[in-house]
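In: quick one: sequence plus predicted model below, questions after.
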Amino acid sequence: MAMKTSEKIGVRRQTVTPSMAQSWLDATSIRNRNLNTQAVNRIASDILAGRFDSDVVNPIRFNSRGELTDGQHRLSALVKSDRPVDLWVEVTDSVHIDEARPRSVADVLTMRGDAMAKNLQTLATSILRVESVRSSDSQWTSSTARLLFSRSALIEFIESTPSVREFATEALRIYQIQPRFGRAFGPASCGTIMYYAQRDIGSAEPAMMMMTSLASGIDRGKGDPVFAVRRYLQSLSTWERVQIEVPAMFHTLRCLLSGRKVDIYRTNMLGDVSKLIGN
């Protein structure tokens, strides 16, 4: 059952049993983020070990209609531990997004019903990394691939840039053309190069054709930059590839746009993510 709608707005401490927690979870009709099993297991272990302290986490929250808005991981852990726990419970009309496990951009978008949430988050992050390099007039390095941005910055960028959704969708389609084993790139780098082709040269078509060729395994012969970059990226470990594939796409597209041939790729060739120039 849901929290009684007659409950007054405010905070109180109460003992929550596993059956009570399960009924609250079952009754919620609000779209919530996907459950993180690792987070549930961690909290359940803390409960069983006596380490869980409800005084240092946010309350379980309900809105004035009795719908659960914050606390699904703690309640799920309580059910898993099969132990009653004293919790702070709050009824409020305010919107809260700080809880036991902070919500990622993908969590927020998922709760809004966005089926592309994770892809939008990774693509927005990749694009903002390129923006960071361009704004400082520097080169892409391995540390660039580890740059992180605030949730608000990513959501603002996604909401203010409608084309990001289009490129995220198309990038996922192209990425899935690749054979499951031996993939050379991820959706984020694919979407990133299409976004910048559109922005820099006025058309995403050259980047889209390049990425489709890269995904499908087409070999146009000796000196083909697409064949060279595929062979190079497939020779790397997943972690090495993730760090370098964005500048690799920029370099490959530059070669295609200028008609240059490439036989062998090397790491020291890559790093320039400055503005692309068309034919």
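Out: Perfect, I can see it now.

In: M20 and K261, how far apart?
Out: 69 Å (CB to CB, to the nearest Å). Glycine gets a C-beta too; all of them are placed from N, C-alpha and C.

In: who has more neighbours, these two?
Out: For M20 versus K261, the count of surrounding residues by other CB atoms under 10 Å is larger for M20: 17 against 11.

In: any idea which helix or strand comes after the worst-scoring helix or strand of the chain on mean pLDDT?
Out: Within the chain, no helix or strand scores below helix 105-111, which has a mean of 76 by mean pLDDT, DSSP states H and E. Next helix or strand after helix 105-111 toward the C-terminus (DSSP states H and E): helix 117-135.

In: what is that following helix packed up against?
Out: When contacts are defined as 3 or more CB pairs under 8 Å, 6 or more residues apart in numbering; DSSP states H and E, helix 117-135 sits against helix 105-111, helix 151-160, helix 163-175, helix 187-201, helix 238-258.

In: can you list the buried residues in it?
Out: Using 16 or more other CB atoms under 10 Å as the test for burial, helix 117-135 gives 117-130, 133.

In: what do you get for stretch 65-78?
Out: By 16+ other CB under 10 Å, the buried positions in stretch 65-78 come out as 66-78.

In: ok, these vs A153, which is closest?
Out: D70 (22.9 Å; CB to CB).

In: in this structure that closest one contacts V57, no?
Out: No. Taking contacts as CB atoms under 8 Å, D70 lies outside contact range of V57: 10.4 Å.

In: and the buried residues of helix 117-135, which two are furthest apart?
Out: Farthest apart among the buried residues of helix 117-135 by CB to CB are A117 and V133. That separation is 25.5 Å.

In: tell me the contacts of the nearest residue to L148 once chain neighbours are set aside?
Out: Leaving aside its sequence neighbours, L148 sits nearest to T125 (CB to CB, 6 or more residues apart in numbering; 7.4 Å). T125 makes contact with 147-149, 154, 188 under the criterion CB atoms under 8 Å, 6 or more residues apart in numbering.

In: give me the domain ranges for this structure.
Out: 10-91, 105-269 (automatic domain parsing).

In: out of these, which comes closest to I277?
Out: Closest among the domains of the chain, using CB to CB: domain 105-269, at 7.0 Å.

In: any regions of this structure where pLDDT drops low?
Out: Where the chain drops to pLDDT under 70, the residues are 1-9, 29-33, 56, 93-103, 111, 279.

In: try it again with 50
Out: Residues of the chain that meet the criterion pLDDT under 50 lie in 5-6, 97-99.

In: just checking, G278 touches G202?
Out: Yes. Counting by CB under 8 Å, G278 does reach G202; the two are 7.2 Å apart.

In: distance to G50 and neighbour count added to the contacts of T125, as a markdown table?
Out: Output for these, formatted as a markdown table (distance: CB to CB, whole Å; neighbours: other CB atoms under 10 Å):
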| residue | distance to G50 | neighbour count |
| --- | --- | --- |
| L147 | 39 | 13 |
| L148 | 34 | 9 |
| F149 | 38 | 17 |
| L154 | 38 | 24 |
| A188 | 42 | 24 |
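
In: from those residues, pick the one nearest E166.
Out: Using CB to CB, those come closest to E166 at A188, 14.7 Å.

In: how far away is the closest one from P18?
Out: 40 Å.

In: for Q38, same thing?
Out: 20 Å.

In: now do G71
Out: G71 sits 14 Å away from P18, going by CB to CB.
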